[in-house]
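J.: A predicted structure for the sequence below; I have some questions about it.
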Amino acid sequence: MALVVAAGRGTRFGGEVPKQYADLAGRPLLSHSLARLARHPAVAAVGAVIDLDHRALYEAAGAGLDLLPAVAGGASRQDSVRLGLESLAPLAPARVLIHDGARPFVSDDVIDRVLAALDDAPGAIAALPLADTLKRANDGAIPETVAATVPRDGLWRAQTPQGFRFADILAAHRQAHRQAHRQAASQTDLTDDAAVAERAGLAVRLVAGSPANFKVTTPADLERAAHWLAGGEEIRTGFGFDVHRFCAGAELRLCGVAVPHDFALAGHSDADVGLHALVDSILGALGAGDIGEHFPPSDPQWRGADSARFAAHARALVAARAGRIVNVDVTLICERPKIGPHRAAMTARVADLLGVEPERVNVKATTTERLGFTGRGEGIAAQATATLALPRAQGGPGHV
């Protein structure tokens, strides 16, 4: 399991929202971090520790991802992690990854290395050996002057995720919490989970991190991340097509909207031909097969199902790939019913289902001049295109 720490208020960062909810390529920064962990095959579940005053911001960041319920953070990072671990205790995971919500570019290979190290150590952290010469400044000197050169041999810069055997790190955090009640907070507030583990006597392995796995701390860091994403995305386009015949009924659903008509559409689900074509176009852009593979018509659980569930699934797949939906275009092909009176409602509904602005959605209609099965009024066809932006490389800038 993974626990993402995102309870800070971000007062040093500035801006209208805390830094973990700042916009990064059209999505909250935290959304990128959550998605990176949620899509990893070895991570069974992802939870987060947040400030509950920011619940609405968090829900927007996690939209489309299958996450555990968020947990309220504490007065310090150490408290927040402990509370998050306590929330996972009933699930009794064997291992847990603890990751900063402001590190949006953690790669699969870094996660793999941390998890692999837990096979023979109770803890492991991603880290980078120091390459720069270190200087210690004179205390209180203005302007600052060098007091000494600090040997850098054996020094590493700690990153996250930091991985632990769950029972060990939970016990270590509980112990640190008890100590905090007996000592001054300044003596017990530890800055990362490896420090908590070290104080409890746990051995913590160092594994190779990545320069890409930097923490967004300042507005300049956020700008750096945005610049990489702008050049590190690839544009994918997918196409979808679907047909449903008319059957007895007085209403049909098109693009998520109920449309009065003399007939309904026949299908295993609600036969929303517009959403079916749209979902197929998104799956096509992802290279993820087709709607029939994800929701087999032979499976009785999808009988009469609302196709909005299919659209939500497609949206979640995009989020899990740390991608974003640039725009979608749906064309409904029929003689009747008239689509014009319902087009605005369809556009709004599709935008809501996909979590995008309405201007990124286009719904239109055409006829076949009374030719073919649609011209004869035997059914409705739909075609759709979806344009997605997906990360070109997992690691981000400087990926190693």
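T.: All right, it came through fine.
J.: If you rank every helix and strand of this structure by mean pLDDT, what lands last?
T.: helix 185-188 (a mean of 48; mean pLDDT, DSSP states H and E).
J.: what's downstream of it, the next helix or strand?
T.: helix 193-199 (DSSP states H and E).
J.: And that following helix, what's buried?
T.: D193, A194, A195, V196, A197 (16 or more other CB atoms under 10 Å). Glycine gets a C-beta too; all of them are placed from N, C-alpha and C.
J.: Same list, those residues, but as CSV with pLDDT and distance to Q78 please.
T.: Shown next, in CSV, are the buried residues of helix 193-199 (pLDDT from 0 to 100; distance: CB to CB, whole Å):
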residue, pLDDT, distance to Q78
D193, 96, 8
A194, 96, 12
A195, 95, 9
V196, 96, 7
A197, 96, 12
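J.: Among these, which one sits closest to P219?
T.: Distance to P219, by CB to CB, is smallest for D193 among those, at 26.8 Å.
J.: so that closest one touches F166, yeah?
T.: No. Between D193 and F166 there is no contact under CB atoms under 8 Å: 11.9 Å.
J.: number of nearby residues for K338?
T.: Per other CB atoms under 10 Å, the neighbour tally for K338 reads 12.
J.: Per-residue pLDDT of it, please?
T.: At K338, the pLDDT value in this model is 92.
J.: Would you agree it falls within a helix?
T.: No. When classified by DSSP: H, G, I helix; E, B strand; the rest coil, K338 is found to be coil rather than part of a helix.
J.: Excluding residues flanking it in the chain, which one is nearest it?
T.: The shortest distance from K338 to any residue other than its chain neighbours is 8.0 Å, reached at A365 (CB to CB, 6 or more residues apart in numbering).
J.: A helix includes the one you found, no?
T.: No. Looking at A365 with three-state DSSP, it is strand, so not inside a helix.
J.: Is the residue nearest to H173 when sequence neighbours are not counted in a helix, a strand, or coil?
T.: Counting by CB to CB, 6+ apart, H173 lies nearest to R82, which is 4.1 Å off, once chain neighbours are set aside. Of the three states, R82 takes helix according to three-state DSSP.
J.: and the helix or strand hosting H227, how far from the chain's centre?
T.: Secondary structure from DSSP H and E places H227 in helix 219-232. The chain centroid and the centroid of helix 219-232 are separated by 17 Å, computed with CA atoms, centre = their mean, to the nearest Å.
J.: Could you tell me which residues make contact with the most centrally placed residue in the chain?
T.: Residue closest to the average C-alpha location in the chain (CA atoms, centre = their mean): A35, at 2.7 Å. By CB atoms under 8 Å, 6 or more residues apart in numbering, the contact set of A35 is L65, A319, A320, R321, A322.
J.: ditto for L278
T.: G240, C255, A311, A314, V328, V330, V350, A382, A384, A386.
J.: Read off the pLDDT value for the closest residue to A148 other than its chain neighbours.
T.: Excluding the flanking residues, the one nearest A148 by CB to CB, 6+ apart is R136, at 4.7 Å. Looking at R136, its pLDDT is 88.
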